[in-house]
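Chemist: Got a predicted structure here, sequence first:
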Amino acid sequence: MKESILNPVVDADTFAARHKIDLKPIKCPKCGLEFTPSIPWVSKEWRGIKCEEHECGPEYAAFVVVPADPKVRARRKRFYLEAMKLLGGKK
Ligand SMILES: [Zn+2]
């Protein structure tokens, strides 16, 4: 299946395996509860999975992302941190 913003993929497990995204729970910095990423998310430069929104609002719905280009995936930890900032307040 072709991945695009309009046609966002399969289930989270398949998507995570394909892009080597770690589906570990992410702790919300505000309320301290842990949320498991479950919603595949695609943009031009990123492949990611986000957590569902909860009471703390969309800015606390965490993302895990990797660059869409496999050649730069080795740097994904840095990208992860940058992307968390970039994507933090957006849906
Ligand atoms: Zn929270």
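Modeler: Noted; the coordinates are in hand.
Chemist: The chain: strands as residue ranges?
Modeler: 26-27, 34-35, 39-42, 46-50, 63-67 (DSSP state E).
Chemist: can you redo these as CSV with distance to residue 56?
Modeler: For glycine as for every other residue, the C-beta is placed from the backbone atoms N, C-alpha and C. Output for the strands of the chain, formatted as CSV (distance: least, C-beta to C-beta, whole Å):
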stretch, distance to residue 56
strand 26-27, 11
strand 34-35, 10
strand 39-42, 16
strand 46-50, 14
strand 63-67, 14
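Chemist: With mean pLDDT added, can I get those strands in TSV?
Modeler: Below are those laid out as TSV (pLDDT from 0 to 100):
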stretch	mean pLDDT
strand 26-27	90
strand 34-35	92
strand 39-42	88
strand 46-50	88
strand 63-67	85
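Chemist: Of those, give the one that comes closest to residue 14.
Modeler: strand 39-42 (8.6 Å; C-beta to C-beta).
Chemist: Quick one: list the elements packing against that closest one.
Modeler: helix 12-19, strand 46-50 (3 or more C-beta pairs under 8 Å, 6 or more residues apart in numbering; DSSP states H and E).
Chemist: right, so these: which one is the most enclosed?
Modeler: Stretch with highest mean neighbour count among the helices and strands packed on strand 39-42: strand 46-50 (a mean of 23; mean count of other C-beta atoms under 10 Å).
Chemist: And that strand, what does it pack against?
Modeler: helix 12-19, strand 39-42, strand 63-67, helix 76-87.
Chemist: partners of that strand in the sheet?
Modeler: Sheet pairing for strand 46-50, assigned by DSSP bridges, gives strand 39-42 (antiparallel), strand 63-67 (antiparallel).
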